[in-house]
Every structure is written in structure tokens, then in C-alpha cells.
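**Student:** Take a look and give me a structure for this.
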Amino acid sequence: MLPWKRALRPLVALLLTAAVAAVPATAAHASTAPTSGWNDYSCKPSAAHPRPVVLVHGTLANSVDNWLSLAPYLEDRNYCVFSLDYGQLPGVPFFHALGPIDKSAEQLSAFVDKVLTATGAAKADLVGHSQGGMMPRYYLKFLGGAAKVNALVGIAPNNHGTTLSGFTKLLPYFPGAEDLLNLATPALAQQVVGSDFMTKLNQGGDTVPGVHYTVIATRYDEVVTPYRTQFLSGSDVKNVLIQDLCSLDLSEHALIGLTDRIAFHEVANALDPAHATQTTCASVFS
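**Tutor:** So this is what the prediction gives:
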């Protein structure tokens, strides 16, 4: 997504909440990644990178705009890269990941099966931004995904619910606002801290055995707040604060997933830990 669109995401979320109910029920237009780049179903994973990488976009994004930088970055490193659209609402094109998160996880499950069948790989690696770094955890925990996934890398993931810099605390003062969120844009309501969905997702532990987890967060995140709620607990978890690697990195919620090559370097390390190299401010040039 273009930077100005990213900057407007919180505002767009509020506008969609009020407007979706009035949109005619026409089919949403799915986005398709460029055929000359990723989503090449003839791609066969190499011995060096034996697992395909599935990119999972965030709220209000889609399979193309969220990955215009990271997908080519991984392709240049000889990964087979795929991305999907999920969580579409009727009549809302381009802005996805608004539907019920459990249903979105079912879409991810079907997409991973499709990728594994096409590539012949036994498992995939998942890389997600924002909701896309959290929603796969439902797939891993409740839909059998742990048997098909080696690693989950979450970039600014909403793992434990968000206060949206305190905005969600205002909902009780606006009668009907929470009901409208639930009806019009379920994924927004489900991502609020303390929601039934978040309670179910994290009950009994953050992780499942057999999957390697990495979380990459920024202290300047203004969407998933407080930012430390993004971190996971578990025996096979690596939590990374990007400013610990480069104090000069000022990326916020959108840019850490869209353009931040320091974060991308940590993604590459998580996908191939045996050949990981130190991430520093200089990684922007790697």
C-alpha cells in the first residue's frame, strides 16, 4: 500500500465501520500478485530454501500492496514466495482482513494447502504483518496448521489485542459503537484487547509445539499498543525490538512491514537461522 494510504489506516478503519453497512452487497474484487513476480506456482523450493514462504497481509491491506518491498526482497534471496487475500467483506474492494478472523484462518489453511501441493514441500513458512502476524496463530492452534508450518514470523503482530493508543477505551462512552464494530467489521472488534476472540486465542499459552515463532516490533507502533503486547511467551520464541538492533530506526506500525529493510533482514534470519547474520543499521543496504 502507498505510504499515504498506510498513514490513513486508523482513520479508514473508523470510516469503514460506519460505512460498510450501507455498501451494496456486491462481490469484492480480489487482488492478484504480479504474475512476473511472486505467486508463481511453478516455483520449486531449492535445497537451500526448501520451504515456500506465504505472506499474510494486515488489516485494510491486500496480497499486493502489503508486499511490494518484502516479496521481491525474499525472491532475490531465492525463496518461492506466495501471498493471499483474506477476510474480504462484500462490496469492499482492496481493503481486506475485515471479516471474522476465524474464517480468515480457514482461508489461510486452504491457501497453504494449495501452495504445498503446487511446490511439493512438506511445510511452509509464514510471514505476516499486523493482523497477518496474529491470525495464523489461530490456524496453527485450532485448524491443524502446526503440522504444515515450520515458522511464523510476525511483523508488528496484534497478538494480545490493542487499545489503538487508547481509542478502544472510549468505546463504552459511545452507545452502539461496539455493536457496530462487531456487525460491520468483525476483525476490528476481535482485535480489541479483552475481546472473546483474543481470550480464546491466548488461553492455554501463546504457542504450539513444533513451530518456531519470531516477533519483530517497533517501539513507535501507534496501532498495536502497547507495543510490548505484541511479544509472545513460549519455549521457541524470539522477540525482537527493532530499535535494539538499530536505534536510528523510526519505523512505525505501517512502515516496519512496508519498507523497513532492517526488519526484512530479521525476517530473512528467522527463515534461515542456520545462516543468520547480525542485523544492524547497515542492514538497510544489504
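
**Student:** what's in contact with stretch 272-286?
**Tutor:** Applying CB atoms under 8 Å, 6 or more residues apart in numbering, the contact partners of stretch 272-286 are 48-49, 212, 245-249, 261-262, 265-266, 268-269. Placement of C-beta: from N, CA and C, glycine included.

**Student:** so which strand or helix has Asn159?
**Tutor:** For Asn159, there is no helix or strand it lies in under DSSP states H and E.

**Student:** one step back: got a ChimeraX select line for the buried ones in the contacts of stretch 272-286?
**Tutor:** Entered in ChimeraX, the line below selects the buried ones among the contacts of stretch 272-286, by 16 or more other CB atoms under 10 Å:
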select :49,212,245,246,249,261,262,265,266,268,269
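
**Student:** Quick one: the contacts of stretch 272-286 as TSV, columns for pLDDT and secondary structure too.
**Tutor:** What follows is those, written out as TSV (pLDDT from 0 to 100; DSSP: H, G, I helix; E, B strand; the rest coil):
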residue	pLDDT	secondary structure
Ala48	96	coil
His49	97	coil
His212	98	strand
Leu245	98	helix
Cys246	98	coil
Ser247	97	coil
Leu248	97	coil
Asp249	97	coil
Arg261	98	helix
Ile262	98	helix
His265	98	helix
Glu266	98	helix
Ala268	98	helix
Asn269	98	helix
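
**Student:** Of the contacts of stretch 272-286, which pair is most distant in space?
**Tutor:** Ala48 and Ser247 (32.4 Å; CB to CB).

**Student:** returning to that earlier point: would a markdown table of the contacts of stretch 272-286 with distance to Lys238 be doable?
**Tutor:** Converted to a markdown table, these look like this (distance: CB to CB, whole Å):
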| residue | distance to Lys238 |
| --- | --- |
| Ala48 | 21 |
| His49 | 19 |
| His212 | 8 |
| Leu245 | 12 |
| Cys246 | 17 |
| Ser247 | 19 |
| Leu248 | 22 |
| Asp249 | 18 |
| Arg261 | 19 |
| Ile262 | 15 |
| His265 | 14 |
| Glu266 | 9 |
| Ala268 | 13 |
| Asn269 | 9 |
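
**Student:** Show me which of the contacts of stretch 272-286 is closest to Tyr41.
**Tutor:** Nearest member of the contacts of stretch 272-286 to Tyr41, counting by CB to CB, is His49, at 16.6 Å.

**Student:** Need the per-residue pLDDT for the residue nearest to that closest one when sequence neighbours are not counted.
**Tutor:** Nearest residue to His49, sequence neighbours excluded (CB to CB, 6 or more residues apart in numbering): Tyr79, at 5.0 Å. Predicted confidence (pLDDT) for Tyr79: 97.

**Student:** Over to Pro34?
**Tutor:** On the pLDDT scale, Pro34 gets 45.

**Student:** hang on, the residue nearest to His49 in a helix?
**Tutor:** No. Read with DSSP: H, G, I helix; E, B strand; the rest coil, Tyr79 is coil and lies in no helix.

**Student:** ok, it - contacts?
**Tutor:** Contacts of Tyr79 (CB under 8 Å, 6+ apart): 45, 49, 52-53, 271.

**Student:** Repeat that for Val208.
**Tutor:** If you count contacts by CB under 8 Å, 6+ apart, then Val208 has 140-141, 146 around it.

**Student:** what's the neighbour count on the residue nearest to Leu143 when sequence neighbours are not counted?
**Tutor:** Using CB to CB, 6+ apart and skipping the chain neighbours, the partner closest in space to Leu143 is Ser109 (5.0 Å). Neighbourhood size, Ser109 [other CB atoms under 10 Å]: 19.

**Student:** And Gln278, by the same measure?
**Tutor:** 9.

**Student:** likewise the one 4 residues further on?
**Tutor:** The local packing of Ala282 (other CB under 10 Å) involves 11 other residues.

**Student:** Find me the pLDDT at it, would you?
**Tutor:** 97.

**Student:** repeat for Gly128
**Tutor:** 98.

**Student:** Confirm that it sits in a helix.
**Tutor:** No. Applying three-state DSSP, one finds Gly128 to be strand, outside a helix.

**Student:** Figure out the helix or strand that the residue nearest to Leu143 lives in.
**Tutor:** Going by DSSP H and E, Ser109 is in helix 101-119.
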